[in-house]
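1. quick one, fold the following:
(2 chains)
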Amino acid sequence: MKITTMLFVSEFEELWFDALQSLLGLRKAGLNHVVFLHVIQREKVAMRRGTGYLKQEERKLREIADIRFIDWAETLFEEGMEVGAHIAIGNVVPKILSVTEIERVDLIVTARLKKGKLGELFAGSETSDLLRRAVKPVLIYNYASVSGKVGEDPFERLLLAIDWSVSSEKVLDFVLALKGSVKRVEIIHVLSEKEIGKLSKMEAHKVERENKKRLDEVCDVFAKERFDARPHLYIGNTEEQIVRGAAEHRATMIVVGTKKSSVWKEKWSGSVSHALADRSELPLLVIPADA
Amino acid sequence: MGKKVLNVEDDADIRTFVSTIVEETGHIPILAKDGEEGMQKVRGERPDLIILDILMPKESGIKMYHELKSDPSLKNIPVVMLSGVSKRTFLRSQVALTEFGDETVPEPEAYLEKPVEPEDLSEILNKILS
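-> As a prediction, this is how the structure comes out:
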């Protein structure tokens, strides 16, 4: 699973060119094509009583996006990269999915996407919607500091959260293909405190030992490919422990897999990847099981 | 008899603007929305001139120009660049592509930065196609 084409979705207020530049280390792993997408929300230009469709407003917003993209594209073109741009009107998630297909994108990069409060109550956030529907890896880019400055390459020190599922295997395969762009990999598995609590001391130790062994085996695979990989076994709430592990090991990005589930199942039973997408302060890379 | 002018441009308003000028100068406009469609039209229609934008979906004008000038059967078709991207960037990008192992790519017949005046575009069309 190589990354040659990256879709960079920008609302301009939340994701800037510095974020894109921080991702250009992926060129070492084959990135050579960046596609920009800006979606003008329909309500900004929608029909209104007395004024009708705001054609002039649409022109102005398109022009602003065009000027911004040309400025960004010039830097990339001069470095020998291929650049494309889409400016569309409508709902952001369907547009992302359609451009992903048209441009044969390998990685989608976006900031957290917002939806109205009522919409989030019934349908979850736009980000969750994207994660549920995307068949390509999605990088939710969060600026890690309050000043909005991005100091480092998010792919430098990855925290890989794995649960031995098929989607975790996808995560491992994906990161292994990024050889050259990743300096260090912290591999974490979180045991459920509840489940461990039900076991005898002896059984709990056995479970711990088995998981440590499996983590070591995964690290060996990475070591063979010349990655600096370290295993970590945590116990507790999965989402909290992943965030803690990322902080303790100074990770620059969290990488998780995701499984397909319905909106309602996800809403009531929860999903680690979706919860992290809404709350993580670090950039989060989500690899779908069917990527 | 009018000559075929292919305009590769993703902005519908600019496609209409260019088509009008091409027709007014007595030539036949052919339209493409991106570089990929542009290359298909070049091979199918064999235009006498190409007016090419740069920042577009699917395939940029920079890649398309490089492809045109690297193909012996297409390299003699004159190209007028019409873009918001500066000429300096265009030339640097071609050098960057050349550095990746290809031969040196010649400069386009004309480079117009948007927005362009109708008179300037007709003058260039007349000059190249006469």
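2. just the CA trace of the helix or strand of chain B with the lowest mean pLDDT, in CSV.
-> Of all helical and strand segments in chain B, the minimum by mean pLDDT, DSSP states H and E falls on helix B:87-98, at a mean of 88. Extracted as CSV, the C-alpha positions of helix B:87-98 are listed here (Å, rounded to 0.1, in the frame of the first residue of the first chain):
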residue,chain,number,x,y,z
LYS,B,87,5.8,31.8,-15.8
ARG,B,88,8.8,31.6,-13.4
THR,B,89,7.2,28.7,-11.6
PHE,B,90,6.3,27.0,-14.9
LEU,B,91,9.8,27.2,-16.2
ARG,B,92,11.3,26.0,-12.8
SER,B,93,8.8,23.1,-12.8
GLN,B,94,9.9,22.0,-16.2
VAL,B,95,13.5,22.1,-15.1
ALA,B,96,12.6,20.0,-12.0
LEU,B,97,11.0,17.4,-14.3
THR,B,98,14.0,17.5,-16.6
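3. do it and chain A meet?
-> Yes - using Cβ under 8 Å from any Cβ of the partner chain, we find that helix B:87-98 touches chain A at B:89-90, B:92-93, B:96-97. All C-beta spots, glycine's among them, are computed from the backbone N, C-alpha and C.
4. who touches that helix?
-> Residues outside helix B:87-98 that contact it (Cβ atoms under 8 Å, 6 or more residues apart in numbering or on different chains) are A:74, A:77-80, B:54, B:62, B:65-66, B:81, B:83, B:104-105, B:107-108, B:111, B:113.
5. now the buried members of the residues you listed.
-> A:74, A:77-78, A:80, B:54, B:62, B:65-66, B:81, B:83, B:105, B:108, B:111 (16 or more other Cβ atoms under 10 Å in any protein chain shown).
6. make TSV out of those and add secondary structure, pLDDT and distance to A:Asn211.
-> Formatted as TSV, the buried ones among the contacts of helix B:87-98 follow (DSSP: H, G, I helix; E, B strand; the rest coil; pLDDT from 0 to 100; distance: Cβ to Cβ, whole Å):
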residue	secondary structure	pLDDT	distance to A:Asn211
A:Glu74	helix	95	50
A:Phe77	helix	95	48
A:Glu78	helix	92	49
A:Gly80	coil	90	45
B:Ile54	coil	97	53
B:Ile62	helix	95	51
B:Tyr65	helix	96	56
B:His66	helix	93	52
B:Met81	strand	98	59
B:Ser83	strand	96	56
B:Val105	coil	79	57
B:Pro108	coil	96	62
B:Tyr111	strand	97	62
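7. can you list those residues in JSON lines and add distance to B:Ile28?
-> As requested, the buried ones among the contacts of helix B:87-98 are exported to JSON lines (distance: Cβ to Cβ, whole Å):
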{"residue": "A:Glu74", "distance to B:Ile28": "33"}
{"residue": "A:Phe77", "distance to B:Ile28": "31"}
{"residue": "A:Glu78", "distance to B:Ile28": "35"}
{"residue": "A:Gly80", "distance to B:Ile28": "35"}
{"residue": "B:Ile54", "distance to B:Ile28": "24"}
{"residue": "B:Ile62", "distance to B:Ile28": "26"}
{"residue": "B:Tyr65", "distance to B:Ile28": "22"}
{"residue": "B:His66", "distance to B:Ile28": "26"}
{"residue": "B:Met81", "distance to B:Ile28": "21"}
{"residue": "B:Ser83", "distance to B:Ile28": "23"}
{"residue": "B:Val105", "distance to B:Ile28": "27"}
{"residue": "B:Pro108", "distance to B:Ile28": "21"}
{"residue": "B:Tyr111", "distance to B:Ile28": "23"}
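8. make TSV out of the residues of helix B:87-98 next to chain A and add neighbour count.
-> Shown next, in TSV, are the residues of helix B:87-98 next to chain A (neighbours: other Cβ atoms under 10 Å in any protein chain shown):
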residue	neighbour count
B:Thr89	19
B:Phe90	23
B:Arg92	16
B:Ser93	29
B:Ala96	16
B:Leu97	20
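9. helices of the chain, start to end?
-> If you meant another chain, say so; for now it's chain A. Taking DSSP state H as the test, the helices found in chain A are A:17-22, A:42-45, A:55-78, A:92-102, A:117-123, A:126-133, A:166-176, A:193-197, A:201-224, A:238-248, A:263-269, A:272-279.
10. my question was about chain B
-> B:12-24, B:35-45, B:61-70, B:87-98, B:118-129.
11. pick the most buried one from the ones you listed.
-> helix B:61-70 (a mean of 22; mean count of other Cβ atoms under 10 Å in any protein chain shown).
12. chain center to that one, what's the gap?
-> 10 Å (Cα atoms, centre = their mean, to the nearest Å).
13. low-confidence ranges, chain A, go.
-> Filtered on pLDDT under 70, chain A yields the residue ranges A:47-51, A:114-124, A:143-151, A:260-270.
14. so out of everything in it, what residue is nearest chain B?
-> Per Cβ to the nearest Cβ, the residue of chain A with the smallest distance to chain B is A:Gly80, at 3.2 Å.
15. on that earlier part again, mind telling me the two of the buried ones among the contacts of helix B:87-98 farthest from one another?
-> A:Gly80 and B:Tyr111 (19.4 Å; Cβ to Cβ).
16. spell out which parts of chain A neighbour chain B.
-> Residues of chain A lying near chain B (Cβ under 8 Å from any Cβ): A:35, A:66-67, A:69-70, A:73-74, A:77-80, A:82-86, A:99, A:102-103.
17. from those, list just the buried residues.
-> A:35, A:66, A:69-70, A:73-74, A:77-78, A:80, A:82-86, A:99, A:102-103.
18. residue ranges in chain B under the pLDDT threshold?
-> B:99-103.
19. please name the nearest non-neighbouring residue to the most centrally placed residue in it.
-> Geometric centre of chain B, nearest residue: B:Leu52, 2.5 Å, by Cα atoms, centre = their mean. Spatial nearest neighbour of B:Leu52, excluding adjacent residues (Cβ to Cβ, 6 or more residues apart in numbering or on different chains): B:Gly61 at 4.5 Å.
20. give the bridge partners for the residue nearest in space to the middle of chain A, please.
-> By Cα atoms, centre = their mean, chain A has its centre lying nearest to A:Leu139, at 2.1 Å. Per DSSP bridges, the residues bridged to A:Leu139 are A:Val109, A:Leu285.
21. list the contacts for it?
-> A:23, A:107-110, A:154, A:253, A:283-286.
22. try 7 Å
-> A:107-109, A:283, A:285 (Cβ atoms under 7 Å, 6 or more residues apart in numbering or on different chains).
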